[in-house]
Every structure is written in structure tokens, then in C-alpha cells.
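**Q** Build me a model:
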Amino acid sequence: MSITKEDTASLSAKVYALVKACPQGRVTTYGWIAGALGYPRGARMVGWIMAATPAHLNVPAQRVISKDGTLTGARAFGARDRMRTLLEADGVTIGEDGRVDMQRYGWDPQRDLTPDEVDAIVAGAKNLKASPPESLIRQLNDDPASPFKETPEQQPSLFDDQPES
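**A** Modelled structure (predicted):
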């Protein structure tokens with residue numbers, strides 16, 4: 001099952017809407033966002049989408065970190081400590097080990113919101129206009145870790161159209 005440009009734009013908008021819903025002073029994870037969207041093993045997918053976030057959407061991307069509290073997206077912020085600075089400005093404390101205390105600051109949409117609240121946020125995503133780059137669409141279709149990567153069982157066989165003998 002490959003994903004189209006339109007489907008990628010819709011999925012990206014849903015990711016961005018959930019990230020925008022993460023309250024100031026809290027952080028979420030790639031996996032929690034993916035799980036809330038129905039992709040329990042889609043953390044890497046969310047990371048790829050976040051890496052393609054358009055600046056005009058004003059998504060607080062600094063609030064999406066690794067499940068162990070590390071600031072994994074820091075390179076995307078242009079300066080080494082920019083992500084940390086943005087999180088600290090949000091009111092999030094980063095420990096001496098460079099990690100956020102997930103017990104204290106973690107925000108999991110599936111735990112902290114009702115299913116109706118998640119649905120309302122996702123439904124509002126249609127107002128976010130995302131135009132995903134071709135590189136993201138290729139990655140979603142080709143990377144072995146993508147939920148959209150076709151497995152060998154899903155690919156058409158060379159012999160599907162052959163008459164039986």
C-alpha cells in the first residue's frame with residue numbers, strides 16, 4: 001500500500017495538529033504522536049514528517065523528543081542548543097544528562113486526552129495546508145521502517161497474469 005502526495009499531506013497535517021496541541025511546558029514523543037494517529041510503530045515516520053515541517057505553520061517542533069527524553073531533533077533547529085533554548089523558554093527543564101524528565105513533562109495524547117479530543121484535533125488538521133516534499137513521499141513509500149512500505153507479499157507477482165497450465 002503506497003501513500004500518495006495527497007495522503008502524505010493529510011497525514012503530515014494531522015501530525016502537525018497534534019504537535020500544536022502539545023501544551024507549552026510539556027513535551028511529547030514521536031511514538032506517542034504516531035500511536036495517537038493509529039500507527040503504533042510509526043515513530044520514525046513522525047520524525048521524517050517533522051523534519052519536513054514548513055516554517056509557516058508555526059509548529060512547536062521543539063516539543064517532540066525521543067521517548068527517553070533526549071533532544072533528538074536538535075540538528076533541525078540550525079544551532080546546536082536552539083532546541084534546548086526553546087524548550088527552556090517553554091518552561092521545560094533539561095537535566096544535567098541532557099534529558100527531559102518524561103514523568104514530569106511528558107504529554108501523551110492517548111493518555112492525556114479523550115478519544116473525542118484527539119478526534120477533534122485530527123479533524124481540525126484539514127485547516128493546515130501541508131505540501132510534502134517528494135523526498136518525504138519517497139521515504140514513506142520506500143524505507144523499510146515505514147508503515148507504507150510494501151512487503152513482498154503485497155507486491156504483484158510476476159506470475160499473477162500468467163494463464164494456468
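
**Q** where does this protein dip in pLDDT?
**A** Along the chain, segments meeting pLDDT under 70 span 1, 74-75, 150-165.

**Q** From Pro109, how far off is His56?
**A** Note on His56: its distance to Pro109, by C-beta to C-beta, to the nearest Å, is 24 Å. Yep, even glycine has a C-beta here, placed from its N, CA and C like the rest.

**Q** whoops, I mixed them up, Gly47
**A** Taken as C-beta to C-beta, the span from Gly47 to Pro109 is 17 Å.

**Q** before we move on, what about Ala123?
**A** Distance of Ala123 to Pro109, computed by C-beta to C-beta: 14 Å.

**Q** Contacts for stretch 109-117, please.
**A** With C-beta atoms under 8 Å, 6 or more residues apart in numbering as the test, stretch 109-117 has contacts from Leu18, Ala21, Thr28, Trp32, Ile33, Gly35, Ala36, Val118, Ile121.

**Q** out of those, which one sits closest to Ser131?
**A** Leu18 (18.8 Å; C-beta to C-beta).

**Q** so what's the closest one up against?
**A** Counting by C-beta under 8 Å, 6+ apart, Leu18 makes contact with Thr28, Ile33, Ala36, Leu37, Pro109, Val118, Ile121, Val122.

**Q** Not counting residues beside it along the chain, what's closest to the most centrally placed residue in the chain?
**A** Geometric centre of the chain, nearest residue: Val46, 2.2 Å, by C-alpha atoms, centre = their mean. In this structure, Val46 finds its nearest non-sequential neighbour in Tyr30, 4.2 Å apart by C-beta to C-beta, 6 or more residues apart in numbering.

**Q** do Lys67 as well
**A** Nearest non-adjacent residue to Lys67 (C-beta to C-beta, 6+ apart): Thr29, at 4.7 Å.

**Q** so the one you found makes contact with Leu71?
**A** No: look at Thr29 against Leu71 with C-beta atoms under 8 Å: they stay out of range, at 11.6 Å.

**Q** Now do the helix or strand harbouring Trp32: distance to the chain's middle.
**A** Following DSSP states H and E, one finds Trp32 within helix 30-36. In terms of C-alpha atoms, centre = their mean, to the nearest Å, the centre of helix 30-36 is set 7 Å apart from its chain centre.
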